[in-house]
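1. need a 3D model of the sequence below.
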Amino acid sequence: MNNKNCFSKPAIWRSDYFQANVGGVPEKISWYARQKMFESLVRLARPTPETTVLDVGVTSDQRSDSNFFERLYPYLSRVTAVGLEDASFVKRIYPALKYVRADGLTLPFHDKSFDLVVSFAVIEHIGDFDRQETFIHELFRVGKAIFITTPNRWYPIEFHTLLPLVHWFPPYWFRAILKVLGKDFFAKEENLNLLGEKEFVKMVANVCYMTTNHTRLLRVVSNLVFYCIPK
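-> Okay, here's the model as predicted:
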């Protein structure tokens, strides 16, 4: 096997350390799902040491399971990380990468600047469907291939609030329930707008060739995983 064209497990899975330092059951579950998504990325995109990568959506959150791509990816000198929030600490932790503070809807890069654009669990925080669609098309503009994930709306637990089933109601009802429960932040569409596979496919079906490799938790699809090559 040619190590230039694939990852060897010792070089990529530094998960034993992180699993030991992940706190609480929700974070452990989150970390498990993120590892599975990263495995899907490696399998589908097959990045090499020469692959230029744009990670759209690094966060200022410093939870143990946040910004996991930077923790796992071995070729950080080829990575540009973009965040709307001030996540400049990512550059201090991983000095090999480049950090740019920018809005994912108006990325400051030329067309097809990157071999691969990745975005993990960002699109559900973009806003309404039109803004989500704009975000997707902006990723397509700057990337030759796209790898994107989002929590599955139809999983029985809503991962941001840890509430069961209420997110299956029509969005208006769901947000009304969140307000009653005092979860005002996630009750706003601009902060949380969940997608199912049908809604995502509707946004991309006419503009890309798509492969899916969804992540499952207890045999149910928990996270939607898409690898897209623009047409």
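
2. and the longest strand that the chain contains, what other elements does it pack with?
-> Taking DSSP state E as the criterion, the chain has its longest strand at strand 220-230. Judged by 3 or more C-beta pairs under 8 Å, 6 or more residues apart in numbering; DSSP states H and E, strand 220-230 is in contact with helix 25-45, strand 146-151, helix 197-204, strand 208-212, strand 215-217. C-beta coordinates here come from the backbone N, C-alpha and C atoms, glycine included.

3. what does the second one contact?
-> This means strand 146-151. 37, 40-41, 44-45, 116-124, 136, 139-140, 158-160, 194-195, 200, 208, 215, 222-230 (C-beta atoms under 8 Å, 6 or more residues apart in numbering).

4. do the same with the fourth one
-> For strand 208-212, the surrounding residues in contact (C-beta under 8 Å, 6+ apart) are 44, 140, 146, 197, 201, 204, 224-231.

5. what about residue 201, distance to residue 40?
-> 17 Å (C-beta to C-beta, to the nearest Å).

6. er, residue 170 actually
-> 31 Å.

7. who's more crowded, these two?
-> Shown here are residue 170 and residue 40; by other C-beta atoms under 10 Å, residue 40 has more neighbours (21 against 8).

8. find the nearest non-adjacent residue to the more buried one, please.
-> residue 213 (4.3 Å; C-beta to C-beta, 6 or more residues apart in numbering).

9. okay, the one you found: pLDDT?
-> pLDDT for residue 213: 97.

10. and for the one 10 residues further on?
-> The pLDDT attached to residue 223 in the predicted structure is 97.

11. now the residue nearest to it when sequence neighbours are not counted: how far from residue 142?
-> Among residues not flanking residue 223 along the chain, residue 215 sits closest, at 4.1 Å (C-beta to C-beta, 6+ apart). Computed as C-beta to C-beta, the residue 215 to residue 142 distance reads 25 Å.

12. spit out the contact partners of residue 160.
-> So residue 160 contacts 151, 186, 192 (C-beta under 8 Å, 6+ apart).

13. again, 6 Å this time
-> 186, 192 (C-beta atoms under 6 Å, 6 or more residues apart in numbering).

14. likewise for residue 141?
-> Contacts of residue 141 by C-beta under 6 Å, 6+ apart are residue 111.

15. may I have the strand or helix carrying it as CSV, with CA atoms only?
-> Assigned by DSSP states H and E, residue 141 falls within helix 129-142. Below are the C-alpha coordinates for helix 129-142, written out as CSV (Å, rounded to 0.1, in the frame of the first residue of the first chain):
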residue,chain,number,x,y,z
PHE,A,129,-32.8,27.3,4.0
ASP,A,130,-31.7,30.0,1.6
ARG,A,131,-28.7,30.8,3.7
GLN,A,132,-27.8,27.2,4.0
GLU,A,133,-28.0,26.8,0.2
THR,A,134,-25.8,29.9,-0.2
PHE,A,135,-23.3,28.4,2.2
ILE,A,136,-23.2,25.1,0.2
HIS,A,137,-22.6,26.9,-3.1
GLU,A,138,-19.8,29.0,-1.6
LEU,A,139,-18.1,25.8,-0.5
PHE,A,140,-18.5,24.5,-4.0
ARG,A,141,-17.1,27.7,-5.4
VAL,A,142,-13.8,27.5,-3.6
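
16. between that helix and helix 197-204, how big is the angle?
-> Orientation note: helix 129-142 sits at an angle of 50 degrees relative to helix 197-204 (axes from the mean of the first three to the mean of the last three C-alpha atoms, to 10 degrees).

17. now helix 129-142: average pLDDT?
-> On average, helix 129-142 scores 96.
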